[in-house]
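Enquirer: Show me how the following folds:
(chains A and B, ligands or ions: 3)
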Amino acid sequence: MEKTEQRKELKVSAIENGTVIDHIPSHSVYQVLRILNLTEYNDQLLIGTNLESQKMGKKGIIKVSNKFFKSDEINKIALVAPSATLILIKNFGVSEKKTVEIPSKVEKIVRCFNPNCITNAEEITTSFDVVNKDDLKLRCHYCEKITAKDNMTFK
Amino acid sequence: MKNKSLVSINDFNREEHIRILDLAGNFERRPRQKILEDYVVATLFFEPSTRTRLSFESAATRLGARVIGFSEPGSSSVQKGESLRDTIRTVSNYADIIVMRHPKEGSARFASEVSKVPVINAGDGANQHPTQTLLDLYSIRKTQGTLDNLNIAFIGDLKYGRTVHSLTMALCNYNTTFHLVSPAELKLPSSVKMHIKEKKLGYHQYTDMSEVIPKVDILYMTRIQKERFQDPMEYEKVKNSYILRNAMLDDAKANLRILHPLPRVNEITYDVDDNPKAYYFTQALNGVFVRQALLAAILGVVE
Ligand SMILES: Nc1ncnc2c1ncn2[C@@H]1O[C@H](COP(=O)(O)OP(=O)(O)OP(=O)(O)O)[C@@H](O)[C@H]1O
Ligand SMILES: [Mg+2]
Ligand SMILES: [Zn+2]
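Expert: Ligands and ions are numbered 1, 2, ... in the order given. Coordinates of the predicted model:
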């Protein structure tokens, strides 16, 4: 038991301080990086995809050194990774675990699915009210149309 | 309401709607009042719409305001590629209020956020047309003496008609019973029905309009467009079922009135026009009073 845990740890190595985002659906890892503006992160960033997971079969993981996210910042990833676990690492140890929660407003990251929406015609920061969290539905602040999970794309 | 933009019918609450209808009543009694003499009203029509534009311009002119603007994008800087953002920012330097119609949905909301002056939405694509809704409410109240507890039938294209959607939402504040008559392909969308259900109001759906006529106080007719059908055969099958003829009104209640947002194509035959129950042309005239009320209230020249 001890041994397998150890081997697993080695797949994506340890960080001293920072945040581990675990249990990301593998195909969403790059979206999570973009949503959190980590694509140009200047410190150590460790990424794993298609790792074995008992909970979800395959999972992705992101480890970000020296970064602690504010909850409204991290909650944005709930749209693509509702299953994500957040682990705060201090001194190589787990100091706190959190889950993500779908926010009630979503700004910038989602594109309105309505091709005739003004936000798709001009450079405008999108803004949505989350009208259903379980069966994800966002109402565009501009055209008032509903963008649902199936037709959601990210900027 | 002073300085408040009107983009969506829900931007104003029930009390504000009533306030506008009351004010519109004053303008119906005295249409010419030079209370906007020092004001400039911009009408920006990025998409042509003769009736709505003329109705706004008539309202503004009767109040003494000066009107500037354009009636189609071809005669504006839009043709040179100017963004909506820049057009609105610029025009809001020249005018005290902007009335706009634009083919993109959400354009009016966006304009209201970049404009220094209030914006009235005169139609943004398939989304909202709140001044039409207010003139419909005015016409209903005027003909029925009340907005409460009425039986209202919507006939025709209930799926794509934004007029029907916003009026339905507004009427949900008045304990309305809805009678929804449409071909199966053009039923009221579930997102709109949700509002009716939330308020626990009654609604009935039909494909045949004859049985609703004797039950209702208002018959709100709309046009069915061929392009809305995936299968043109389906259109051919149903097109004649949603035409109102004078003979069909024999069993109607005495207080029944027929409304239509106009333009009509063939969905109301001309023999209905002489029936005292036909109200659609007066309804269009009411649009001027309602728009006078909105301009005056938003510019803050009336209490
Ligand atoms: N110092 C560290 N640096 C980087 N990652 C770490 C560190 N400590 C733990 N982790 C990672 O954090 C995650 C959670 O760690 P934990 O020890 O709680 O394991 P777990 O039993 O897998 O928890 P869970 O049941 O939530 O998946 C694991 O993916 C682990 O690899
Ligand atoms: Mg684990
Ligand atoms: Zn939109």
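
Enquirer: Need the pLDDT of residue A:7.
Expert: With respect to pLDDT, residue A:7 has a value of 53.

Enquirer: And the strands in chain A, which stretches?
Expert: Along chain A, counting by DSSP state E, strands occupy A:18-24, A:45-53, A:57-65, A:85-90, A:93-99, A:105-107, A:110-111, A:127-132, A:137-140, A:146-148, A:153-154.

Enquirer: do you know which of those lies nearest residue B:28?
Expert: Among the strands of chain A, the nearest to residue B:28 by Cβ to Cβ is strand A:137-140 (36.4 Å). Every residue, glycine included, has its C-beta placed from N, CA and C.

Enquirer: other SSEs contacting that closest one?
Expert: Under the contact criterion of 3 or more Cβ pairs under 8 Å, 6 or more residues apart in numbering or on different chains; DSSP states H and E, strand A:137-140 touches strand A:127-132, strand A:146-148.

Enquirer: Redo those as TSV? Include mean neighbour count and distance to residue B:50.
Expert: TSV is the format used below for the helices and strands packed on strand A:137-140 (neighbours: other Cβ atoms under 10 Å in any protein chain shown; distance: least, Cβ to Cβ, whole Å):
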stretch	mean neighbour count	distance to residue B:50
strand A:127-132	17	34
strand A:146-148	18	32
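
Enquirer: Name the nearest residue to the closest residue to ligand 1 within chain A, sequence neighbours excluded.
Expert: Residue of chain A nearest ligand 1, by Cβ to the nearest ligand atom: residue A:14 (3.6 Å). Distances taken as Cβ to Cβ, 6 or more residues apart in numbering or on different chains place residue A:92 nearest to residue A:14, at 5.8 Å, with adjacent residues excluded.

Enquirer: The one you found is in contact with residue A:16, isn't it?
Expert: Yes: here residue A:92 reaches residue A:16: they are 5.7 Å apart, a contact under Cβ atoms under 8 Å.

Enquirer: the more surrounded of those two?
Expert: More neighbours surround residue A:16 than the other of residue A:92 and residue A:16, with 12 against 9 (other Cβ atoms under 10 Å in any protein chain shown).

Enquirer: so what's residue 154 up against?
Expert: I went with chain A, as the question did not name one. Applying Cβ atoms under 8 Å, 6 or more residues apart in numbering or on different chains, one finds that residue A:154 lies in contact with A:31, A:34, A:35, A:80, A:109, A:110, A:111.

Enquirer: meant chain B, my bad for not saying
Expert: Residue B:154 makes contact with B:164, B:167, B:168, B:178, B:179, B:180, B:181, B:182, B:188, B:220, B:222, according to Cβ under 8 Å, 6+ apart.

Enquirer: Helix, strand, or coil at it?
Expert: With DSSP: H, G, I helix; E, B strand; the rest coil as the basis, the three-state label of residue B:154 is strand.

Enquirer: ok, back up a step: quick check, nearest of the contacts of residue A:154 to ligand 3?
Expert: Of all those, ligand 3 sits closest to residue A:111, with 8.9 Å by Cβ to the ion.

Enquirer: Next up, the contacts around the nearest residue in space to the closest one that is not next to it in sequence.
Expert: Spatial nearest neighbour of residue A:111, chain neighbours left out: residue A:153 (4.9 Å); criterion: Cβ to Cβ, 6+ apart. By Cβ under 8 Å, 6+ apart, the residues touching residue A:153 are A:110, A:111, A:113.

Enquirer: So which of those residues wins on neighbours?
Expert: Counting by other Cβ under 10 Å, top hit in the contacts of residue A:153: residue A:110 with 22 neighbours.

Enquirer: give me the beta-bridge partners of it?
Expert: Under the criterion DSSP bridges, residue A:110 forms beta bridges with residue A:154.

Enquirer: same check, this time on residue B:221
Expert: Beta bridges link residue B:221 to residue B:155, judged by DSSP bridges.

Enquirer: Tell me how many other residues crowd it.
Expert: Neighbour tally, residue B:221, other Cβ under 10 Å: 24.

Enquirer: Pretty sure it sits against residue B:243.
Expert: No: counting by Cβ under 8 Å, residue B:243 is not a contact partner of residue B:221; they are 9.2 Å apart.

Enquirer: joint contacts of those two?
Expert: Common contacts of residue B:221 and residue B:243, defined by Cβ under 8 Å, 6+ apart, comprise B:267, B:268.

Enquirer: tell me which parts of chain A are close to ligand 1?
Expert: Contacts of chain A with ligand 1, taken as Cβ under 6 Å from any ligand atom, map to A:9, A:14, A:15, A:20, A:22, A:61, A:63, A:85, A:87, A:89, A:92, A:94.

Enquirer: which of these count as buried?
Expert: Buried residues within the residues of chain A next to ligand 1, defined by neighbour count using 16 or more other Cβ atoms under 10 Å in any protein chain shown: A:15, A:20, A:22, A:61, A:63, A:85, A:87, A:89.

Enquirer: worst-scoring helix or strand of chain B, pLDDT-wise?
Expert: In chain B, no helix or strand scores lower on mean pLDDT, DSSP states H and E than helix B:232-238, which sits at a mean of 87.

Enquirer: What residues sit buried inside it?
Expert: B:235, B:238.
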